[in-house]
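Colleague: Sequence plus predicted model, see below.
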Amino acid sequence: MILLAKVALGFGTTVAVAGAYTFHQGVIRIDIDEFRSGGSHVHMWVPAAVVPMALHFVPQQHLRHGGREMREAMPIARALFRELKNYPNTTFVEVTDGDQHVRVATEGSRLAIDVTEPGENVHLRIPISTVEDAVAQLERAASSQSIREHKEGKAERDDDADWQ
Amino acid sequence: MTPRFRSFAACAALAAALLALPLAASAQSSSSSERWLHVRVTSTDSHGESVKVNVPLEMAEKILPAINKDRLHGGKVRFNELDCDGVDLKAILNAVRTTKDGEFVTVQSDDADVRVAKQAGYLLIHVTDKSGKHHFHHHSRHSMKDDADKDESGKVEKDEKPAKTESAVNHESRVEVKVPMKVIDALFSAGKDELDLMAALHALSANGDTELVSVKADDNTVRVWLDSKSATD
């Protein structure tokens, strides 16, 4: 009986720790509603920790595809999301055009993007720390690509020098 | 509850209060001194289109140095003499800075009024566009008739002139720009061929509540202003 209790305690603790780790970064919430016949209704709650974890499994060559533009944008994205954390519950951009409405805001520690139009509603809630992690990983991939290109360029220049 | 636990709890509460106090004070001071740049575009058409942008200047100051694209590097924009058609902007600025308050440019014509002045530490630029031509072509039935009359006769009849003038006055656009001189000074404080946007933002954040740009046209109004509120209405 005591053995069974110990097993149950171990299992329960494992589940609790795994649950705490999975949800420690919060939850990504995606709500998509298409108001037309056959339109899709997607409502997803994804543990935010999944995103950086999933990025680890994406082949590096796919992450490097962004190229130069991505490398230029990464420091801006990093600075932006780092600063966004200092402004909880703030609406940064709001565009209204008739029935269409777009809102980019922070709600606590989450980035909130809402797009509302007559036929479709999209609501996205992402923990800012998750976006930061994802940006950091993409930045690392971009910088490794940059180093590789630099090395290749140097090797080519060395080859040219040898040939001359 | 044991006395030992009670004393530990009291110590913990005291430590937490001491830690929280400076944090609360800094949060209060930062929120009161925070400066926000607001942009509001409102369209008066049937859709009622509106755009609201709220940017904390402190955030802009942090992000700007991260942007390194084309001529913008480290919060500074490079330009050369060719961009200004050979005009020495720094010399003009120095002249404006050292001059007393007054009107520098006043143009009054049928199409537009322009006024450039320096007043109470601000550079003011006011433009009133009285042409309203875009309106005649796109919206007004009356103005289409005007155009038709104009096409037939080659010029507008004299007796129609008052009607057109009245219409043009109704559809005039006004642009008002008000920039603190300190911001302009900061903008040109970098090297010879550089605009220091970082310094300008910093100078702007030290400024009080100011309406920087106001555009009032037929179909749109644009406002750019600075205050300490994070949101607009």
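Modeller: Perfect, I can see it now.

Colleague: Would you map the helices across chain B?
Modeller: B:3-33, B:57-63, B:89-98, B:133-138, B:141-153, B:161-170, B:181-187, B:197-205 (DSSP state H).

Colleague: just checking, what packs against the last one?
Modeller: Just to be clear, that refers to helix B:197-205. With contacts taken as 3 or more CB pairs under 8 Å, 6 or more residues apart in numbering or on different chains; DSSP states H and E, helix B:197-205 sits against helix B:57-63, strand B:76-78, helix B:181-187. Glycine gets a C-beta too; all of them are placed from N, C-alpha and C.

Colleague: Export these as JSON lines, with columns for mean neighbour count and mean pLDDT.
Modeller: Output for the helices and strands packed on helix B:197-205, formatted as JSON lines (neighbours: other CB atoms under 10 Å in any protein chain shown; pLDDT from 0 to 100):
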{"stretch": "helix B:57-63", "mean neighbour count": "19", "mean pLDDT": "93"}
{"stretch": "strand B:76-78", "mean neighbour count": "16", "mean pLDDT": "89"}
{"stretch": "helix B:181-187", "mean neighbour count": "19", "mean pLDDT": "91"}
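
Colleague: Spell out which parts of chain A neighbour chain B.
Modeller: A:72, A:75-76, A:78-80, A:82-84, A:86-87, A:90-98 (CB under 8 Å from any CB of the partner chain).

Colleague: ok, now with 7 Å
Modeller: With CB under 7 Å from any CB of the partner chain as the criterion, chain A comes near chain B at residues A:72, A:75-76, A:79-80, A:83, A:87, A:90-98.

Colleague: if you skip the residues just before and after it, what's nearest to the spatially most central residue of chain A?
Modeller: By CA atoms, centre = their mean, chain A has its centre lying nearest to A:V131, at 3.9 Å. The shortest distance from A:V131 to any non-neighbouring residue, by CB to CB, 6 or more residues apart in numbering or on different chains, is to A:F81 (5.2 Å).

Colleague: Pull out the CA atoms of the helix or strand that that neighbour is a member of and give them to me as CSV.
Modeller: Following DSSP states H and E, one finds A:F81 within helix A:67-84. Provided in CSV are the C-alpha atoms of helix A:67-84 (Å, rounded to 0.1, in the frame of the first residue of the first chain):
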residue,chain,number,x,y,z
GLY,A,67,18.8,36.0,-44.9
ARG,A,68,20.0,39.5,-44.7
GLU,A,69,16.6,41.1,-44.1
MET,A,70,16.0,38.9,-41.1
ARG,A,71,19.5,39.6,-39.7
GLU,A,72,18.7,43.3,-40.0
ALA,A,73,15.3,43.0,-38.4
MET,A,74,16.3,40.8,-35.5
PRO,A,75,18.0,43.4,-33.3
ILE,A,76,15.0,45.7,-33.8
ALA,A,77,12.6,42.9,-32.9
ARG,A,78,14.7,42.1,-29.8
ALA,A,79,14.7,45.7,-28.6
LEU,A,80,11.0,46.1,-29.3
PHE,A,81,9.9,43.0,-27.4
ARG,A,82,12.2,43.7,-24.5
GLU,A,83,10.7,47.2,-24.2
LEU,A,84,7.1,46.0,-24.7
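
Colleague: roughly how far is that helix from the heart of the chain?
Modeller: Here helix A:67-84 is found 13 Å from its chain centre; the criterion is CA atoms, centre = their mean, to the nearest Å.

Colleague: who touches it?
Modeller: If you take CB atoms under 7 Å, 6 or more residues apart in numbering or on different chains as the criterion, helix A:67-84 is touched by A:106, A:111, A:128, A:131-132, A:135, A:138-139, A:142, A:146, B:59, B:62-63, B:66-69.

Colleague: run the last query once more with 8 Å
Modeller: The contact list for helix A:67-84 (CB atoms under 8 Å, 6 or more residues apart in numbering or on different chains) reads A:66, A:106, A:111, A:128, A:131-132, A:135-136, A:138-139, A:142-143, A:145-146, B:56, B:58-59, B:62-63, B:65-69.

Colleague: Report the buried residues of whichever helix or strand comes after it.
Modeller: Proceeding N to C from helix A:67-84, the next assigned helix or strand is strand A:90-97, under DSSP H and E. Under the neighbour-count criterion of 16 or more other CB atoms under 10 Å in any protein chain shown, strand A:90-97 has A:90-92, A:94-96 buried.

Colleague: can you give me the angle the following helix or strand past strand A:90-97 makes with helix A:67-84?
Modeller: Of the helices and strands lying after strand A:90-97 in sequence (DSSP H and E), the nearest is strand A:100-107. Relative orientation of strand A:100-107 versus helix A:67-84 (axes from the mean of the first three to the mean of the last three CA atoms, to 10 degrees): 60 degrees.

Colleague: Check the offset of strand A:100-107 from the chain's centre.
Modeller: Put simply, strand A:100-107 sits 18 Å off its chain's centre (CA atoms, centre = their mean).

Colleague: Can you tell me the strand partners of the helix or strand just after that strand and which way each runs?
Modeller: Sequence order places strand A:110-117 as the next helix or strand after strand A:100-107, per DSSP H and E. Strand pairing for strand A:110-117, using DSSP bridges, gives strand A:100-107 (antiparallel), strand A:120-127 (antiparallel).

Colleague: what's the most buried one of those strands?
Modeller: Comparing the strands paired with strand A:110-117 by mean neighbour count (mean count of other CB atoms under 10 Å in any protein chain shown), strand A:120-127 ranks first with a mean of 18.
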